[in-house]
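>>> pasting the sequence and the predicted model now:
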Amino acid sequence: MLKKMNLLSLNRVVLLTSCLLAACRAAFEPMAELPPLLVSENGSPVTTESEWTARREELKQLLQEHILGALPPVSTFPKLISAEISNVTNETTGLIGCYVAIKYNANGTSVSLPVELAWSVERASRQSSGLPMMFTQWNHRAWGLLGAQRGYMMVLYPAADARDVSGLFRAAYPQATFKKILARAFVASRVLDFLLQNDAVAATTGSSVSVASSIHVDIPRVDATRACITGHSRNGKQSLVTAAFDERFTAVVGSSPGTPVSAPIRFSSPDFNGETVQSVSPERDWWLQSVRSYWGKEDAIPADGHMIVALIAPRHVMIANAYSDSEGDISFADEKNVMAVAHVYQDIFHQNKGLHIKHRPGRHHGFVDVHSYVDWFDYAGGISGATDIFPAISDIRYLHAFNWTEWRTQTQPDPIPPSPTTSLRERVLWLLGADGISAGSTNTLAFSSGYCESSAVGGPWDYKAGLMMHDSFGSCGSKCPHADMRRVPFSFGSYITANLFVPTTLPKSTELPVVIFVHGFSYQLGYSGIYELYHSEDLGGLIPALVGQGVAVLAWDMTGMGARQDEGAPNFYRRLPSSSRLGVMIGEIDAALDMIHCAGSNSASLPECNDGIVTRAYPADLPALNASSVHLLGYSMGAIVSLHAAALLPRVGGVAAFGGWSPMRGRVPGLDGNRLLFETHALVPRLGFFAGNESRVPYDYDELIAAIAPRPVLLYAPQQDRFAAADAVRAAATSAEKAWVAHGAAHAFQFVAPDKPSDFKTDEIHQAVAWLRSVA
């Protein structure tokens, strides 16, 4: 699959290279996609291994200058002085181990590092070439012991929150600016110095090491060609950084590393529900504080996480993440990283192995399969039986990758756009694809619990309620932080799993207005936000804040996101090549409107709700819903979906769109324009037919928004939204507003343009609540 995908990317690299050669860049220009790895700083293409060697030094410099901080000069690196062995341990699993206190002279300062080693005596006795090494951190000791059982020497080094000596090295080199993550990687390298020099396999310092021991134990020989390292979360970050800056490490697994290493900064802004640059703080001290200055302009940072992973090439690197990671490791972002780095392996080293991404179920800390990490190390070492357990780079199964050129060849001939004189509806439906908004939905409305989540405490679905339904309702009762709200799970349309959040403070007979919340490009969590996203300092979360206004809030994961990532772009367009994800998202809103219509207080008398097609097995506590008062609230991608849905579906009572949209006609340099919609996110592929000829796009937002009049509309358009052209957005809103004036409903149109980046926190939640009070 990847080989097919490379063609378009390479063409774009060549185009970018031509531009750079034509005008040697004096300063980095913002780019929505990842900066090219195979274009040097002077604009020349990188095509050979020798050119890549020079490019590696540029990447290391960029990373140290913009993210990691600078290492001390190599000539001043610490010198090994001595090591003392103590506390030999015998594990019941046939392992033996010891603690080693390794002393260094670091720029004139004595620094001691406590290290724990463990190995299998039986494995060591038959490894003539020495034991491969598996480095990890103190809080992953169980990982290391597992590795030792499988024939590795466990190396626990003191560079994690539980035990960290990296600060001693930072203090010893006051002129160096390296931050905590790079400093912890520095510790791992110093421990490797000791193991290699003690083993006499390699001498990296030019001096001998005195190893003292009051207890007799012989540290086995190690295999210098097989130094592996792994760690989870922040330890996953430092593991990848270690391998990037120390080429003696031959294999690495970064387990849920997240931003900014596996999940690049560009794809970790609020639009992506990621760990943003605002998480950079002096308290953590992981990254340079200057990273925070890229808030709202993440596309302007000259370095990004793919450069760290690329530095490991052609050695073995695997990123292992969780489908529903709740701490900033985004499957979409990780895949963008791997796809960018694949060019280095394939085009420079002509190698179709050594790079992999592994998705696992669960959230950030769940279902970590350490055995698979050791499998990767076996694979890297060419161990018999492990040489074919991972796919070639070209055969990696991606959840979200999309190649527009390939899609176009499969849908030939190109469809003919409708005449500009046809109705707006016809032009919009044409752009959405041959199936319009019907693909992915059926006439069956299934509300029975057999197709949805059970809210029973301790029931068989309790695990899924936390993993897939984004809450812990049913497990904390009256102690829940939002005890005045309850969750009603059900399914609708093509058995879409959804949640209805309703207030508990109103009589059950109350017919509730409904707000449908449509989330942004939240590939890993759907409508659930991480950290502060969708959270207000005074009102709490977005959904509780809305429910507190006496409305029901309906939410589900959009196709290809959250619990539905298997419906991502590759599978979606294989199944429905003539459709669009945007069209299906709108179709699902239409199906939700059917459900709300049939959940009204008089639905029992409605023929369309009792014709034998509809399954009437509602959950017993499903409240009555007011089908005449249904409003959409969308953020980022959700704003795009909501505006289109409101224009096409007259049953929508109003819409609040927060960021996300920008006029499609007239390309704006630096934003990557419509490509974000037709290729990056594969929302509406037919939009790609107008690349370079945007003025011929069949419709634009001024006309689309005007079609919603006179229903209430809130357009919340941050002026620093990096995915929108602020002046063009304002012009489109000004043009659309005329439709409300013509209807005598100017009061129902609101345009708010705060001078800030795109986000959805306190200000936005207050704006949403205020708007809802005025319309519901």
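Perfect, thanks for sending it.
>>> contacting residues around L399?
331-332, 335, 359, 523, 560, 565-566, 568, 570 (C-beta atoms under 8 Å, 6 or more residues apart in numbering). C-beta here means a position set from N, CA and C on the backbone, and glycine is covered the same way.
>>> so which residue is dead centre in the chain?
I330 (1.6 Å; C-alpha atoms, centre = their mean).
>>> so what's it up against?
258, 263, 267-268, 272-274, 523-524.
>>> the host helix or strand of F490 pairs with which strands?
Assigned by DSSP states H and E, F490 falls within strand 485-492. As defined by DSSP bridges, the strand partners of strand 485-492 come to strand 496-503 (antiparallel).
>>> which residues are in contact with the strand it pairs with?
Contacts of strand 496-503 (C-beta under 8 Å, 6+ apart): 451-453, 468-471, 484-492, 512, 543-544, 547-548, 550-557, 563, 588, 591-592, 622-623.
>>> how does it look with 7 Å?
452-453, 469, 484-492, 512, 543, 547, 550, 552-556, 563, 588, 623 (C-beta atoms under 7 Å, 6 or more residues apart in numbering).
>>> now do it, average pLDDT.
Averaging pLDDT along strand 496-503 yields 88.
>>> what packs against the helix or strand just after that strand?
Beyond strand 496-503 on the C-terminal side, the first helix or strand identified by DSSP H and E is strand 512-518. When contacts are defined as 3 or more C-beta pairs under 7 Å, 6 or more residues apart in numbering; DSSP states H and E, strand 512-518 packs onto strand 552-556, helix 581-597, strand 625-635, helix 637-648.
>>> go again with 8 Å.
Using 3 or more C-beta pairs under 8 Å, 6 or more residues apart in numbering; DSSP states H and E, the elements in contact with strand 512-518 are helix 542-547, strand 552-556, helix 581-597, strand 625-635, helix 637-648.
>>> for these, which one sits closest to S120?
Proximity to S120 (C-beta to C-beta) singles out strand 552-556 among the helices and strands packed on strand 512-518, at 49.5 Å.
>>> what mean pLDDT does the closest one have?
For strand 552-556, mean pLDDT rounds to 94.
>>> what angle sits between that strand and strand 496-503?
Using axes from the mean of the first three to the mean of the last three C-alpha atoms, to 10 degrees, the direction of strand 552-556 lies 160 degrees away from that of strand 496-503.
>>> please save the CA atoms from strand 552-556 in PDB.
This file holds the C-alpha atoms of strand 552-556, laid out as PDB (Å, rounded to 0.1, in the frame of the first residue of the first chain):
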ATOM      1  CA  ALA A 552     -30.300  16.500  26.100                       C
ATOM      2  CA  VAL A 553     -27.000  16.100  24.400                       C
ATOM      3  CA  LEU A 554     -26.500  13.400  21.800                       C
ATOM      4  CA  ALA A 555     -23.000  12.400  20.800                       C
ATOM      5  CA  TRP A 556     -21.200   9.600  18.900                       C
END
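>>> what's the first helix or strand after that strand?
Next element after strand 552-556 (DSSP H and E): helix 569-575.
>>> quick check: mean pLDDT of that following helix?
Helix 569-575 comes out at a mean pLDDT of 93.
>>> any buried residues in that helix, and which?
The neighbour-count criterion (16 or more other C-beta atoms under 10 Å) identifies 569-573 as the buried residues of helix 569-575.
>>> format these as a markdown table; extra columns: distance to T505.
Converted to a markdown table, the buried residues of helix 569-575 look like this (distance: C-beta to C-beta, whole Å):
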| residue | distance to T505 |
| --- | --- |
| A569 | 42 |
| P570 | 45 |
| N571 | 42 |
| F572 | 41 |
| Y573 | 45 |
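>>> enumerate every residue touching N105.
Applying C-beta under 8 Å, 6+ apart, the residues contacting N105 are 78-79, 81, 111.
>>> so how far is the strand or helix carrying it off the chain centroid?
Taking DSSP H and E as the definition, N105 sits inside strand 95-106. Distance of strand 95-106 from its chain centroid, counting by C-alpha atoms, centre = their mean, to the nearest Å, is 38 Å.
>>> next structured bit after that strand?
Counting by DSSP H and E, the next helix or strand C-terminal to strand 95-106 is strand 109-120.
>>> counting contacts, what elements does that next one pack onto?
Using 3+ C-beta pairs under 8 Å, 6+ apart, strand 109-120 is in contact with strand 95-106, helix 141-149, strand 153-157, helix 166-172, helix 180-198.
>>> give me the average confidence score over the next helix or strand along the chain from it.
Next helix or strand after strand 109-120 toward the C-terminus (DSSP H and E): helix 121-125. For helix 121-125, mean pLDDT rounds to 85.
>>> show me which residues of helix 121-125 are buried.
In helix 121-125, counting by 16+ other C-beta under 10 Å, buried: 123-124.
>>> swap in stretch 711-730?
711-719, 721-726, 728-729.
>>> check stretch 513-520 too.
513-520.
>>> now render the contacts of I330 as a markdown table, adding secondary structure and pLDDT.
Formatted as a markdown table, the contacts of I330 follow (DSSP: H, G, I helix; E, B strand; the rest coil; pLDDT from 0 to 100):
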| residue | secondary structure | pLDDT |
| --- | --- | --- |
| G258 | coil | 94 |
| A263 | coil | 96 |
| F267 | helix | 95 |
| S268 | coil | 94 |
| F272 | helix | 93 |
| N273 | coil | 91 |
| G274 | coil | 91 |
| Y523 | coil | 94 |
| Q524 | coil | 92 |
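>>> just to revisit the earlier point, by neighbours, which of the contacts of N105 wins?
Compared across those, P78 has the highest neighbour count, 25 neighbours, by other C-beta atoms under 10 Å.
>>> that residue: what's it in contact with?
Contacts of P78 (C-beta under 8 Å, 6+ apart): 104-107, 111, 169, 172, 190, 193.
>>> one step back: quick check: the farthest pair among the contacts of I330?
Going by C-beta to C-beta, the pair spanning those furthest: G258 and Y523, at 13.5 Å.
>>> per-residue confidence at E764?
The model's pLDDT for E764 equals 95.
>>> state the distance from M134 to R141.
As judged by C-beta to C-beta, to the nearest Å, M134 and R141 stand 12 Å apart.
>>> more neighbours: which of those two?
M134 (30 against 15).
>>> need the phi and psi values for that one.
Here is the backbone geometry of M134 (degrees, to the nearest 10): phi -120, psi 100.
>>> in the strand or helix carrying Y373, what's buried?
Assigned by DSSP H and E, Y373 falls within helix 370-380. Neighbour counts over helix 370-380 (16+ other C-beta under 10 Å) mark 370, 372-380 as buried.
>>> which strands and helices sit next to that helix?
Applying 3+ C-beta pairs under 8 Å, 6+ apart, we find helix 370-380 packed against strand 131-137, helix 141-149, strand 222-232, strand 251-255, strand 316-322.
>>> after the shortest one, next one along is what?
Scanning forward in sequence from strand 251-255 by DSSP H and E, the next helix or strand is helix 305-310.
>>> what comes up buried for that following helix?
305-310.
>>> same check on stretch 60-68?
For stretch 60-68, by 16+ other C-beta under 10 Å, it's 60, 62-64, 66-68.
>>> for D755, state which of those residues is nearest.
H66 (25.4 Å).
>>> and that closest one, how far from G354?
Distance of H66 to G354, given as C-beta to C-beta: 26 Å.
>>> any idea which element P710 lies in?
Using DSSP H and E, P710 is not contained in any helix or strand.
>>> so what's V111 bridging to?
Assessed by DSSP bridges, V111 has beta-bridge partners Y104.
>>> pretty sure it sits against V165.
Yes: the pair V111 / V165 is scored as a contact, 6.9 Å apart, by C-beta atoms under 8 Å.
>>> pLDDT weak spots in the protein?
Counting by pLDDT under 70, the low-confidence segments of the chain come to 1-28, 91-92, 199-217, 438-483, 600-608, 610-621, 667-671.
>>> go again with 50.
For the chain, the stretches flagged by pLDDT under 50 are 1-26, 200-208, 439-480, 612-620.
>>> adding distance to D161 and mean neighbour count, write the helices and strands packed on strand 512-518 out as CSV.
Listed next are these as CSV, based on distance: least, C-beta to C-beta, whole Å; neighbours: other C-beta atoms under 10 Å:
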stretch, distance to D161, mean neighbour count
helix 542-547, 31, 23
strand 552-556, 35, 26
helix 581-597, 40, 25
strand 625-635, 33, 23
helix 637-648, 35, 27
